[in-house]
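In: What would the 3D arrangement of this be:
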Amino acid sequence: MIDDRPCACGMLLNVVVAFTVILGEEPIMKNLSLTNTLSGTQEPFQARSNQKVSLYVCGVTPYDFAHMGHGRCYVTFDLLYRLLLFLGYDVTYCRNFTDVDDKLLSRAQQELGDRLQYPAVAQKYIDAYHEDMKALNCLIPSCEPRVTETIPEIIAFIEGLIGQDKAYVVNGDVYYRVRSFEPYGKLSKRDIDELESGARIDVDDRKEDPLDFALWKSEPEGMFWKSPWGYGRPGWHIECSAMAKKFLGDQIDIHGGGMDLMFPHHENEIAQTEGLTGKEFVKYWVHNAFVTINKEKMSKSLGNFFTLREVFKKFDPMVIRYYFLAHHYRAPLDFTFENLEAMSKSYQRLCKAFEQYDCSQKMTTEQMKTSSTVERMLGFLCDDLNASGMFGVLFEALRTLRADEACKIKAFVLTVLGLDLIPLKQEVIMTPEIERMMRERDEARATRDWNRADQLRDALQKLGVEVQDKPIKKG
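Out: Numbers count the residues shown, from 1 in each chain. Just a heads-up that it's a prediction; the model follows:
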């Protein structure tokens, strides 16, 4: 369930506070680099405020269950969040919910027969989303604001844009003047003169320019929220600008999301925020690539998607997380169940490698760092989140794994990669041989031949059969 208390973004949730305390306070290295979509190059990371980092990631519109594309995005930024914490940064991670939207209103009409029942539908899918993120072992962000809880800030933001002549009102609707922001297109590298009205740009004859986009959508009297322009609700793009400003300030360090959001959503965020404040909005823009099926983007609009919970029925969520991490976040990931089968075997091997070691004692960051393998793994992660290269180091180390190194490496995998390393439960096919062994064991127990019963139990367990004995009746 989501915590509805006011979000104090200057303070992390208990789980993250505990995480940070264990890891230490001082940054342990400063050579993290990230590919910045804005510059198109990989750049050394330098926070605006020394040890404090602000991270904003666009969240979901909760009108359906999260799919594999969502999973990849939020595992990617969970890895970045964990890495920043490991490096000693004080991170405020904000991820929003678009809990009022055309699609959500349509879903409410479809499911409940009334579009105004959208809060109930949103809550249903927010709860499901939280369950999915927990299954993937994603840390809880510092803040999870909702659009419906940010209306006063959104209205104030729009008023500021109108006051600077960056926006205009038409019959209760408010539009942003795209051409009032000279560098429009700098993120997506698009020429404003070549842009045309597209699928995600509202076509409306009342607009001064086809590229202008809605900041506020008018509704009939008494519907949704009252504003200086009449009743209505926010447009899609304004919400993230307002929430980022409210919880992280005018300027933030890292803004993330899927590549599909680069244009127009993130481009419009830049125009709105920088149009209002006159300051650089985001220092580092980070985008993950799509999950595809047959080389085509997985999306709800195309109908070619698998929800996370559908895939969880066939594969352990840790296998899914491992699958996402093993592919570089900026490379397209073509999804197949055959690939997941292979990844499941690879992940099981990883789990089994650490199973024999007692690593119950907590490990500090400095203790982990004394491992040369951990240092090499960390080097790859700091190189634009190169987890695939890092796994190469890890599996190479497994060949000659020593007991004194094992727990340091395992702690790093648990802490930064978020993999629980619990061996997977294997599905057992009941062969005639297994059935024979089980009958023999029952007979051995019936005659109290305990040695033979124990031998057969051990043999069955090696085959993946969990043996649960019932008490033998006296007589």
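In: What separation is there between residue 403 and residue 359?
Out: Between residue 403 and residue 359 the computed distance is 10 Å (Cβ to Cβ, to the nearest Å). Using the backbone N, CA and C atoms, a C-beta is placed for each residue, glycine as well.
In: try residue 453
Out: 32 Å.
In: between those two, who's got more neighbours?
Out: Using other Cβ atoms under 10 Å, the more surrounded residue of residue 453 and residue 359 is residue 453, with 20 against 16.
In: CA-only coordinates of stretch 418-428, as CSV, when you get a sec.
Out: Extracted in CSV, the C-alpha atoms of stretch 418-428 (Å, rounded to 0.1, in the frame of the first residue of the first chain):
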residue,chain,number,x,y,z
GLY,A,418,19.7,-6.0,-5.4
LEU,A,419,19.8,-9.8,-6.2
ASP,A,420,18.9,-11.9,-3.2
LEU,A,421,21.0,-15.0,-4.3
ILE,A,422,18.4,-17.4,-2.9
PRO,A,423,18.7,-20.6,-5.0
LEU,A,424,15.6,-21.1,-7.2
LYS,A,425,13.1,-23.7,-6.5
GLN,A,426,13.3,-26.2,-9.3
GLU,A,427,10.3,-27.8,-10.9
VAL,A,428,10.6,-31.5,-10.6
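In: Give the buried residues for it.
Out: 418, 419, 421 (16 or more other Cβ atoms under 10 Å).
In: does the last one really touch residue 413, like I thought?
Out: Going back to what we said before, that points to residue 421. Yes - using Cβ atoms under 8 Å, residue 421 is in contact with residue 413, at 6.3 Å.
In: Let's verify residue 217: helix, strand, or coil?
Out: Here residue 217 is recorded as strand under DSSP: H, G, I helix; E, B strand; the rest coil.
In: what residue ranges in this structure score low on pLDDT?
Out: For the chain, the stretches with pLDDT under 70 are 1-30, 196-204, 300-301, 426-430, 462-464, 466, 468-475.
In: Next one: the closest residue to residue 387 other than its chain neighbours from residue 146, what distance?
Out: Take residue 387 and drop its neighbours on the chain: the residue closest to it by Cβ to Cβ, 6 or more residues apart in numbering is residue 325, 4.5 Å away. Distance, residue 325 to residue 146, using Cβ to Cβ: 29 Å.
In: Which residue comes closest to residue 343 once chain neighbours are left out?
Out: Using Cβ to Cβ, 6+ apart, the closest residue to residue 343 is residue 323 (4.6 Å).
In: Just to be sure, the one you found is in a helix?
Out: Yes - using three-state DSSP, the assignment for residue 323 is a helix.
In: do you know how far it is from residue 295?
Out: Counting by Cβ to Cβ, the gap from residue 323 to residue 295 is 18 Å.
In: higher neighbour count, these two?
Out: Per other Cβ under 10 Å, whichever of residue 323 and residue 295 has more neighbours is residue 323, with 25 against 8.
In: Okay, strands next: where are they in this protein?
Out: 33-36, 41-44, 52-57, 90-95, 167-170, 173-176, 213-218, 225-227, 230-234, 252-258, 282-288, 291-293, 296-297, 333-334 (DSSP state E).
In: In JSON lines: those, plus mean neighbour count.
Out: Formatted as JSON lines, the strands of the chain follow (neighbours: other Cβ atoms under 10 Å):
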{"stretch": "strand 33-36", "mean neighbour count": "18"}
{"stretch": "strand 41-44", "mean neighbour count": "12"}
{"stretch": "strand 52-57", "mean neighbour count": "23"}
{"stretch": "strand 90-95", "mean neighbour count": "24"}
{"stretch": "strand 167-170", "mean neighbour count": "18"}
{"stretch": "strand 173-176", "mean neighbour count": "24"}
{"stretch": "strand 213-218", "mean neighbour count": "23"}
{"stretch": "strand 225-227", "mean neighbour count": "17"}
{"stretch": "strand 230-234", "mean neighbour count": "20"}
{"stretch": "strand 252-258", "mean neighbour count": "24"}
{"stretch": "strand 282-288", "mean neighbour count": "23"}
{"stretch": "strand 291-293", "mean neighbour count": "20"}
{"stretch": "strand 296-297", "mean neighbour count": "14"}
{"stretch": "strand 333-334", "mean neighbour count": "18"}
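In: Among those strands, which comes closest to residue 110?
Out: strand 230-234 (18.8 Å; Cβ to Cβ).
In: just checking, residue 252 touches residue 282?
Out: Yes - Residue 252 lies in contact with residue 282 (Cβ under 8 Å); the separation is 5.6 Å.
In: Residue 435 - how many residues pack around it?
Out: So residue 435, with other Cβ under 10 Å, has 10 neighbours.
In: cool, and the one 3 residues further on?
Out: Burial measure for residue 438: 16 neighbouring residues, criterion other Cβ under 10 Å.
In: Please apply the same query to the one 10 residues further on.
Out: Burial of residue 448 is recorded as 9 neighbouring residues (other Cβ under 10 Å).
In: So what does it have for phi and psi?
Out: phi 60, psi 40 (degrees, to the nearest 10).
In: List the beta-bridge partners for residue 231.
Out: Judged by DSSP bridges, the bridge partners of residue 231 are residue 226.
In: quick one, what contacts it?
Out: Taking Cβ atoms under 8 Å, 6 or more residues apart in numbering, we find residue 231 in contact with 172, 218, 219, 220, 221, 222, 223, 224, 225.
In: hang on, the last one packs against residue 217?
Out: It refers to residue 225. No - in terms of Cβ under 8 Å, residue 225 does not count as a neighbour of residue 217; the distance is 10.7 Å.
In: shared neighbours of these two, anything?
Out: Shared contacts of residue 225 and residue 217, counting by Cβ under 8 Å, 6+ apart, come down to 232, 233.
In: Against residue 54, how distant is the closest residue to residue 144 other than its chain neighbours?
Out: Excluding the flanking residues, the one nearest residue 144 by Cβ to Cβ, 6+ apart is residue 95, at 5.9 Å. Going from residue 95 to residue 54 by Cβ to Cβ gives 12 Å.
In: check contacts around the residue lying closest to residue 147 once chain neighbours are set aside.
Out: The shortest distance from residue 147 to any non-neighbouring residue, by Cβ to Cβ, 6+ apart, is to residue 239 (4.7 Å). Shown in contact with residue 239 (Cβ under 8 Å, 6+ apart): 96, 98, 147, 150, 154.
In: With residue 158 as the reference, measure out to residue 239.
Out: Counting by Cβ to Cβ, the gap from residue 239 to residue 158 is 11 Å.
In: and if you look at residue 452?
Out: Separation of residue 452 from residue 158 (Cβ to Cβ): 79 Å.
In: Neighbour count: those two, which is higher?
Out: Neighbours per residue, other Cβ under 10 Å: of residue 452 and residue 158, the larger number sits with residue 158, 27 against 15.
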